[in-house]
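Colleague: one predicted model, sequence on top.
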Amino acid sequence: MDSAGDNRRSVEYGADPKTAQPKGRTDRVKYLFIGPAVIWVLAFTIFPLLYALYTSFYTYRFGQRLGFVGLDNFVRIFGDVNLLSSLRVTLIFVVGTVATEMILGVGLALLLNREMRGKNVTRGIATLPLFATPVAVGYLAITLYYEQDGPINSLISALGGRDVPWLSDPVWALVAVILVDIWQWTPFVFLVTLSGLQSLSSELYDAARVDGASSLQNLRFLTLPLLAPLLWLILLLRLVEAFRVFDIPVSLTLGGPGRATEVYSLYTYRTAMRFFDHGYAAAQGFLLLVIVMLIVSVIFSRVRGLYEEEG
Amino acid sequence: MYRARYLRFSFLILVAFLFVACGGGEQQTGGKSGVDKGTAAKQVEAGAYKPQRVAEPCGNDCPYEGDTVTVTVNTAGKEGPISGPLYEVRNEFEAATGAEMEIVELPFAEHFPKLMTDLTSQTGEYDASIAGAWWLGDLVGGDFIVPYDKYYNDPSFPQWDDQDVLPGPRKLLSYGGNRYMVANDHDGQVMYYRRDLLENPKHQKAFQKEYGYELRPPQTWDEFEDVAEYFNGKDLNGDGKGDSGLTLHLKVGGQGMFHFMSFSAPYVIGPENPNLYWFDPENMDPLIDSPGHVRALEKLVELTDYGPEAMTGWSLGESWDNFLRGEAALTFTWGDLGALAQQEGSQVKGKIGAAPIPGTDEYYNVEDGEWVKTDEINVVGNTTGGSWAGVISKYSDAPEATYYLLALMATKEKSTVYAARGWDGVDPGRYYHFLPPDGTGSMENYRQAGWNEGDAKEYTTAYYDSFNAEQQFPYLRIPATFEYWTALDTNLSEAVTGQASPEEALKKTADEFDSITERLGRDKQLQIYKTSLNLE
């Protein structure tokens, strides 16, 4: 063995030649450390993805493969009016929920990011919806939205308004689903934004105050630019989550009336688990994957741009 | 000081919140169709009225010692609809056979997929399933269950007679000439009305004056609409608030399509067309958008004007609850409502009447493409619903013990009590369930189960007439029945909520039917459809 050579390599790594391990062993240890992670990704991400792709080229029924259909399942997507309807509903849901949650969550964080009595309690209560199970929230909402003497309609009546057909009217039903999601997920935006706000250096604001900046100028020229990467990240997480929404529409409306609240995931679930058309469901899954990947790419490039501007 | 108060306050809110979030509070109980059964009527305590022992303990000579029978059933618990009798009979079955019995409760939505997964993978984990009648197309079509004809007359098994079952529900027990389902529950829809209202002289006089004919239990859908219109907005339960002419459950996934099946049958089925409702048996073209179906849906949409606006978002539990609170004059639904009306909390015990689903005076013969006037009211009986009953898996390693269990539950001694009790979800359908002169049952049976005599008489007569009707609604039993019905259900919802006209909704349904048929193979579907109608 060329000990001098080994020492040279060890020196190259910046290690103490006396204690350094031979390269072969170092490599083995390295693989041991990353091995579990690689196996995990292969088993639970790559394999299911490839298997889903494989599945999408076949027709299935009750787990039995009936035949190879090539790209037919993907072609079907574009002629399936019910799928396109579910995509439309999902887009309305995503825009309605994410936009409102971002505005409310950031607004609430700005409001509560100050010294006030009961600050911690208020923050604690504001985050409570996050801990609720979405299905339980959906069923709870059925009671709240109950149209005949339900709590919300009773309140509206007491204030002199007309009963709202929350679950029996197509438009109101979608509004009802969106409101529940906003109630549950605004606290997430609030919580993460608040933690971002609290990490901002107070020296910048002190300097701005000395320069005579108003609160609005602080918000516009300091807070929002500094928070921008975090806000993009929150937006990304909420968009991805909103595109996959399933529990609340299932428990609250079952996608109705008609298909008014049938979101994409619910449609795919029905295709796979009610109609046992697994090949087509896999193809639908890939369409959603492509949509979400596009959104992720756009947002990542935006965030990268922000860092480059800073750099 | 403030801090401590805030902490206490936040702790209380947190506890209350977590209680709700974790599903605390009142849980919805599963109805036999997997939907909650309403809240106005409380369930009678299970176990108060029990069937007698039929099978004697086997002692040292047990025929199925070492066997285990695993049976799947919709999740509803030890005292729940359909599952309750299984738990009740377990000890008797095990003592009589030496076999063990395992009950696997599966949520309604997962029951069929899990069973099919077990069957297609040939795992044989489940020996039997308390199945819905519409599963037969998949189960028999895929050759996944075995007929029990060879056991039926064997005296070593508990004896029951399929001729005791009325003609309508009896058809569901067999498929292609073989017996597959062991009789248990007998579903069908009838019309319920408020007897106290229709017999009230004040209403009779006012109705006569307004509509020009006497107030009586509606016999046609036109009469049904008149009665619903008349009572709509009137206070029907004395609480000082206006109530509804009718109540229905029309939520997507709330089984509203069953309403439409029962409702539309007399618009399509008639003496010259006893069978064709779903598909053309020549080419499997859908018939669901025929002028008869369209007229029926137009009428159903009209009727929604006389019910609560919210009912287009109701499952059956909410609709039943509305009727049981005395807030509606009419409805049409399953037998469970009659039994629930007898329970504590019901506002309508002793006030309900029942009759077969109303008819029409003309129907559209899909074969000839013409409307046909009828001399008498065109009435069509139905077995709409699940009619949950046991089937035996082809992969069972204990088929005989399995049949023993199902036959034991089908015996007259057991079934008589099951059919009269509200809580177990088993509805009547055999001659001995019905009162004389129709059948051989006894009022004492219903009295012991807590029934009002007048209600019991109306209820059993209505079901007898419906199940015994000359014309019966053709039940769909082909592969992917549930998928066809889901398409119908969703498009019906669009029609009743004004998102599509009745014609558009049914045209879309027909297109979706076609697409399902194409995907599964038109020839294969056609062959099974013909078999299901005994056309081969």
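Modeller: That came through fine.
Colleague: CA atoms for contacts and neighbours, from now on please.
Modeller: Will do.
Colleague: where does residue B:171 land in three-state SS?
Modeller: The three-state label given to residue B:171 by DSSP: H, G, I helix; E, B strand; the rest coil is helix.
Colleague: my error: substitute residue B:511 in the last question.
Modeller: helix.
Colleague: pLDDT value on it, please?
Modeller: Residue B:511 carries a pLDDT value of 97.
Colleague: with the one 5 residues further on instead?
Modeller: Listed pLDDT for residue B:516 reads 94.
Colleague: my read is that it contacts residue B:486, right?
Modeller: No: with contacts counted by C-alpha atoms under 8 Å, residue B:516 stays clear of residue B:486, the gap being 11.3 Å.
Colleague: for those two, indicate the residue with more neighbours.
Modeller: Remark: of residue B:516 and residue B:486, residue B:486 carries more neighbours, 22 against 19, as counted by other C-alpha atoms under 10 Å in any protein chain shown.
Colleague: the more buried one is in what secondary structure piece?
Modeller: Assessed by DSSP states H and E, residue B:486 sits inside helix B:481-496.
Colleague: now the most centrally placed residue in chain A: how far from chain B?
Modeller: Geometric centre of chain A, nearest residue: residue A:241, 2.6 Å, by C-alpha atoms, centre = their mean. Relative to chain B, residue A:241 is positioned 20 Å away (C-alpha to the nearest C-alpha, to the nearest Å).
Colleague: how near is that residue to residue A:28?
Modeller: Distance from residue A:241 to residue A:28, counting by C-alpha to C-alpha, to the nearest Å: 39 Å.
Colleague: same question for residue B:492.
Modeller: On the measure of C-alpha to C-alpha, residue B:492 and residue A:28 end up 64 Å apart.
Colleague: between those two, which is the more surrounded one?
Modeller: Neighbours were counted for residue B:492 and for residue A:28 using other C-alpha under 10 Å; residue B:492 has more, 30 against 11.
Colleague: does that one touch residue A:256 like I think?
Modeller: No: in this structure, residue B:492 is not within contact of residue A:256 by C-alpha under 8 Å, at 10.7 Å.
Colleague: which stretches of chain A have low pLDDT?
Modeller: A:1-23, A:62-63, A:310-311 (pLDDT under 70).
Colleague: so what's residue B:215 up against?
Modeller: Contacts for residue B:215 were tallied using C-alpha atoms under 8 Å, 6 or more residues apart in numbering or on different chains; they are B:198, B:203, B:204, B:207, B:208, B:227.
Colleague: selecting buried members of those in PyMOL, what would you type?
Modeller: Remark: buried members of those, expressed as a PyMOL selection using 16 or more other C-alpha atoms under 10 Å in any protein chain shown:
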select buried, chain B and resi 198+203+204+207+227
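Colleague: just the ones in strands from the contacts of residue B:215, please.
Modeller: Within these, no residue falls in strands by DSSP state E.
Colleague: between the contacts of residue B:215, which is nearest residue A:46?
Modeller: residue B:227 (63.1 Å; C-alpha to C-alpha).
Colleague: and that closest one, how far is that from chain A?
Modeller: The value you get for residue B:227 to chain A, if C-alpha to the nearest C-alpha is used, is 23 Å.
Colleague: what do you get for residue B:73?
Modeller: 18 Å.
Colleague: residue B:522 too?
Modeller: 15 Å.
Colleague: stretch B:49-69: which residues count as buried?
Modeller: Buried-residue list, stretch B:49-69, by 16+ other C-alpha under 10 Å: B:49, B:50, B:51, B:54, B:57, B:58, B:64, B:65, B:67, B:68, B:69.
Colleague: same question for stretch B:76-88.
Modeller: B:76-88.
Colleague: which SSE is residue A:309 in?
Modeller: Residue A:309 belongs to helix A:278-310, assigned by DSSP H and E.
Colleague: that helix: how far from the chain's middle?
Modeller: Put simply, helix A:278-310 sits 12 Å off its chain's centre (C-alpha atoms, centre = their mean, to the nearest Å).
Colleague: what about the spatially most central residue of chain B, which SS state?
Modeller: For chain B, the residue nearest the mean C-alpha position is residue B:385 (3.2 Å; C-alpha atoms, centre = their mean). Judged by three-state DSSP, the three-state class of residue B:385 is coil.
Colleague: look up how far chain A lies from the nearest residue to it once chain neighbours are set aside.
Modeller: Excluding its sequence neighbours, the residue lying closest to residue B:385 (C-alpha to C-alpha, 6 or more residues apart in numbering or on different chains) is residue B:187, at 5.4 Å. As judged by C-alpha to the nearest C-alpha, residue B:187 and chain A stand 23 Å apart.
Colleague: hang on, residue B:187 packs against residue B:381?
Modeller: No: applying C-alpha under 8 Å, one finds residue B:187 not in contact with residue B:381, separated by 11.4 Å.
Colleague: give me the number of residues near the spatially closest residue to residue B:442 that is not a sequence neighbour?
Modeller: Nearest non-adjacent residue to residue B:442, counting by C-alpha to C-alpha, 6+ apart: residue B:435, 5.8 Å away. Number of residues near residue B:435 (other C-alpha under 10 Å) recorded here: 21.
Colleague: and residue B:435, which of the three is it?
Modeller: Secondary structure for residue B:435, judged by three-state DSSP, is coil.
Colleague: picking that back up, can you redo the buried residues of stretch B:49-69 as a markdown table with pLDDT, distance to residue B:266 and secondary structure?
Modeller: Listed next are these as a markdown table, based on pLDDT from 0 to 100; distance: C-alpha to C-alpha, whole Å; DSSP: H, G, I helix; E, B strand; the rest coil:
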| residue | pLDDT | distance to residue B:266 | secondary structure |
| --- | --- | --- | --- |
| B:49 | 89 | 38 | coil |
| B:50 | 92 | 39 | coil |
| B:51 | 95 | 38 | coil |
| B:54 | 96 | 42 | coil |
| B:57 | 96 | 50 | coil |
| B:58 | 95 | 51 | coil |
| B:64 | 97 | 49 | coil |
| B:65 | 96 | 52 | coil |
| B:67 | 97 | 48 | coil |
| B:68 | 97 | 46 | strand |
| B:69 | 98 | 42 | strand |
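Colleague: columns distance to residue B:499 on top of those residues, output as TSV?
Modeller: As requested, the buried residues of stretch B:49-69 are exported to TSV (distance: C-alpha to C-alpha, whole Å):
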residue	distance to residue B:499
B:49	48
B:50	49
B:51	50
B:54	55
B:57	61
B:58	62
B:64	58
B:65	60
B:67	55
B:68	52
B:69	49
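Colleague: which parts of chain B are strands?
Modeller: Under DSSP E, chain B gives strands at B:68-74, B:100-106, B:128-131, B:145-146, B:174-175, B:178-179, B:190-194, B:244-246, B:328-333, B:352-356, B:360-365, B:370-378, B:389-393.
Colleague: and those strands: which comes nearest residue A:293?
Modeller: strand B:100-106 (36.4 Å).
Colleague: who are the packing partners of that closest one?
Modeller: strand B:68-74, helix B:83-97 (3 or more C-alpha pairs under 8 Å, 6 or more residues apart in numbering or on different chains; DSSP states H and E).
Colleague: go through the ones you listed and name the closest to residue A:132.
Modeller: Using C-alpha to C-alpha, the helices and strands packed on strand B:100-106 put strand B:68-74 closest to residue A:132, at 27.2 Å.
Colleague: now for the residue in the stretch 251-400 of chain B that chain A sits nearest to: which residues touch it?
Modeller: Closest contact between the stretch 251-400 of chain B and chain A, by C-alpha to the nearest C-alpha, is at residue B:313 (4.5 Å). Residue B:313 makes contact with A:167, A:168, A:253, A:256, A:257, B:249, B:250, B:251, B:252 under the criterion C-alpha under 8 Å, 6+ apart.
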